Structure formats: C-alpha cells, structure tokens
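Participant: Any chance you could fold what I've pasted below:
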Amino acid sequence: MHQNLFKWSDQSSFISPSSKLRDKAHIANQLALFFEILHSGKTPRINSDGITSHKPVIGGGFQSISGGSTGLPKIIERTCISWILSFNINNKFFNLSGCKVALFGSLNHSLVLYGALEGLHLGCEVHYLEGQSPTKQLEYLERENIEILYVTPTQLRLMLTAKYKNFRIKSLKYVFIGGGSTEQNTLMELSELAPNAALKQFYGSSETSFISISDKFTPRGSVGKAYKDVEIILGASPNEPVKKGEIGRVWVRSPYLFSKYVGENGINSNEVSGWVSPGELAKFDQDQNLFILGRIDRIFKIKDQSIIPEEIERYLLAEKNIKMAVVVKEYDTIRGNKAIAYIATSGAVNVEKLIDECISLIPPLDSSLKIIELTLENFPLLPSGKPDFCKLEQRSV
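Facilitator: Residues are numbered from 1 along each chain as shown. Reported below is the predicted structural model:
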C-alpha cells in the first residue's frame, strides 16, 4: 500500500450530526488519519465518538466493530489486504471509481467503514449521512446526484417511509444492501424510487466480509451465489457437508476473512482450521443460489419444536405497511417459551389477522403469540443500523 493511493479532496461533501465535534472537517481528518496510520504499520480503529485511535501491531492491520445485534459487539481485527482485494474486485465488476458514494450509520461499524474506505481507495467522493432524517437522506441523495449507496435493510425501510409520491432518484447506479435479507416489497419500492439502480443484495458478516452477492438472475428470497474466490460449505462442520437442498450451518473460506477478535482468547466455535461460520443456517438450490434461514443463536423452542424467528419476521415484513419486525422469546411455564413480535408500521395493519395467519403458517405458534406495535421512532436500533434484539428481548422479560 502506498500513501498516494488515498486522496482526500476538500470538495468531498461530508455531512454529519449537528455536533461540534463531528463536523465535516472532523470526519475528514479522522479518515485521513486512519489512512496515515494504516501506512505506518499500526492498527487504527474509529471509535463510537468518531475519533481514530491506534496502537502498534505486528504485520499491520486495522480494527472495526461487529454489528452486535444479538449480543455485545466485538472488536474485529483484519489485514488491510483482506478488504483491498474486494475493493478492487468490486471496481472490476461494477466500475465504482470516481463515483459519488453515500453511507448511513456509524463509522465505527464494519459495513459503513468498509464503504467509506472502499470509496476513498477508488477515488470516490464519499458522503456521510449518519444522523439525518429519512426525508433529508432522500433529498440529499437526489440533490447531490449520489451514484452508489451502502445500506442495511432496516435503514432502507426507514428511508422508504419518507418517499414522496412520484419521487425519483435517477442518479443511483448501485444500491448495495447488506446486514440481513430484504423482502420483495421493499425491493420493489426501491426499484420505483431508483429506476436506474442495480440492487445488489450481499450476504456477509464483520468476520467474513463478502460471502455471496446477487445478480439479475437471483431468485426471490436468495442472497445470490458465492462471491469471487469464496468457498461455502453447509454442514455441522466443514468436514460434514449436508446434501444439496438440505439445511446446514454456513462455513466460509476466503481471502477476505478477519484475523482475530481483539481481547479474546481460547477456542471459538465459529472457527475451524481456516473456515469461519457467521453462525447462520442456510440451504442451496440446484443452481447454487444461497438462501439464509436464520441465526442459530436466535432459535428457540415452543412445545419442544424449534422456531426460527426470521421465518416469522419475513412473513410480517411482507405486509406492505410493516417496516420493522423482530420476534423474541418469552418464558412460558406450559410451552417452554412463547413468541413476541414487535413491529413498527407506516400505516394501519390488522394485528388479529396477522396473528391468525402466523399461527396457521407455523404450527408451534398458538394463541400465546403476541404482536406489539412500536412507533418507527421508538424502535430500538444499533449504531450499525440493525434492530437491537437484546433490548427488545429485555422488554419482554
């Protein structure tokens, strides 16, 4: 890596929350410092307050923070080359150099940091939209002729709640959607809003970076096929693969894997001799399209039968007016657990009808299922732009 690869232009349009510490110059200086530290062979990290910290490390590298949606966020350390490889691959396939890139969320989380560093590496103009209301985000994307957007499904749904009738952002070329699956009605709304944009759903994690990415042939509900140079095995372990069409735990081997968790020692059940698991269940179709079913650590039992919360969430999010949906468990003396679904809506929904439909769809569910409505403003989110499952589970205790 050479320092001249990374350039910062005063013309780059950075906006940030209305805070004296986090103004345009502050964000610009922190990312410039981040690059400077990378080249000095130290480990940089952008903290939750937006300030870059660093310490010497053998072999170079940098740190970011995992999403932490189902537990405490972890500090991830990875080599510079593990991301630079994918920067160059994305540029080869999508021609991103020199484009205007916009990002939502906090820079200390890996998806946003990835998008910012990729943009700067490829000579893009990076626009930082953390803290802006959905209406301001939409207006900004149109006014500044943004071409590339990195966003989570939750951030996307929130942005679409502010969509004006007949409002169009024609400048968008690509929308990269990571951090969870996106339901069809949201993708259709996005296609109407950005008629010229290719919608690229990708699957990955802070530990693995890209695992799979969609294209125009990807079937509904799939996160696409394996990203370049990524190997995916489904099974209890990489040495115990399931048969095609069967469900198994996702295991990944690629040049993009993280190096380690910072401050943690001992055996990690998500790592096996060069393979890493994001801790999710999935299956392949006959064309090797990957379908993610849900996280293993979110599965719980009702009447001794396993419930995958994401299955219920996907069904609820198919309802046009439901913009957020999270299912958590609550202890029940008779059933072992019962399911509580928290939703946020942009219009009226028939809760009783939804409960009946969910019970019919998933047999272990019964009349103990609750659906609780929260406002969009009060739905707990993490700085990474994902729902805060832990906070919602605590509400149910």
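Participant: Show me how far stretch 194-205 is from its chain's centre.
Facilitator: The chain centroid and the centroid of stretch 194-205 are separated by 12 Å under C-alpha atoms, centre = their mean, to the nearest Å.
Participant: ah, wrong one, I meant stretch 125-138
Facilitator: 17 Å.
Participant: now do stretch 295-315
Facilitator: Taking mean C-alpha positions (C-alpha atoms, centre = their mean), stretch 295-315 and its chain are 20 Å apart.
Participant: Same check on stretch 140-156?
Facilitator: Relative to the centre of its chain, stretch 140-156 is centred 14 Å away, using C-alpha atoms, centre = their mean.
Participant: Can you measure across that stretch, start residue to end residue?
Facilitator: 15 Å (C-alpha to C-alpha, to the nearest Å).
Participant: which parts of it are buried?
Facilitator: For stretch 140-156, a neighbour-count test (16 or more other C-beta atoms under 10 Å) marks 140-142, 144, 146-156 as buried. Quick note: C-beta positions are derived from backbone N, CA and C, even for glycine.
Participant: Now do the contacts for Met233.
Facilitator: Residue 233: Ile, not Met. Going by C-beta atoms under 8 Å, 6 or more residues apart in numbering, Ile233 touches Pro241, Gly248, Trp251, Arg253, Trp275.
Participant: From Asn337, how far off is Tyr203?
Facilitator: As judged by C-beta to C-beta, to the nearest Å, Tyr203 and Asn337 stand 28 Å apart.
Participant: In terms of neighbours, single out the busier of the two.
Facilitator: Tyr203 (28 against 17; other C-beta atoms under 10 Å).
Participant: That one contacts Ser222, correct?
Facilitator: No: counting by C-beta atoms under 8 Å, Tyr203 does not reach Ser222; the two are 9.3 Å apart.
Participant: OK, contacts around the nearest residue to Lys301 once chain neighbours are set aside?
Facilitator: Closest residue to Lys301 apart from its sequence neighbours, by C-beta to C-beta, 6 or more residues apart in numbering: Gly336 at 5.5 Å. Neighbouring residues of Gly336 by C-beta under 8 Å, 6+ apart: Lys301, Ile302, Lys303, Asp304.
Participant: Buried residues, the helix or strand hosting Ile312. List them.
Facilitator: Applying DSSP states H and E as the criterion places Ile312 in helix 309-317. Neighbour-count burial for helix 309-317 flags Pro309, Glu310, Ile312, Glu313, Arg314, Tyr315, Leu316, Leu317 (criterion: 16+ other C-beta under 10 Å).
Participant: could you pull out the strands for the stretch 101-250 of the chain?
Facilitator: Taking DSSP state E, counting those that start in this stretch to define them, one finds strands in the stretch 101-250 of the chain at 125-128, 148-151, 174-177, 198-205, 209-213, 225-226, 231-234, 248-253.
Participant: Switch the ones you listed over to JSON lines; also include distance to Glu377 and mean pLDDT.
Facilitator: Formatted as JSON lines, these follow (distance: least, C-beta to C-beta, whole Å; pLDDT from 0 to 100):
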{"stretch": "strand 125-128", "distance to Glu377": "22", "mean pLDDT": "83"}
{"stretch": "strand 148-151", "distance to Glu377": "19", "mean pLDDT": "96"}
{"stretch": "strand 174-177", "distance to Glu377": "23", "mean pLDDT": "96"}
{"stretch": "strand 198-205", "distance to Glu377": "27", "mean pLDDT": "94"}
{"stretch": "strand 209-213", "distance to Glu377": "32", "mean pLDDT": "96"}
{"stretch": "strand 225-226", "distance to Glu377": "38", "mean pLDDT": "97"}
{"stretch": "strand 231-234", "distance to Glu377": "38", "mean pLDDT": "98"}
{"stretch": "strand 248-253", "distance to Glu377": "34", "mean pLDDT": "97"}
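Participant: returning to what we had before: out of the contacts of Gly336, grab the one that's most surrounded.
Facilitator: Ile302 (21 neighbours).
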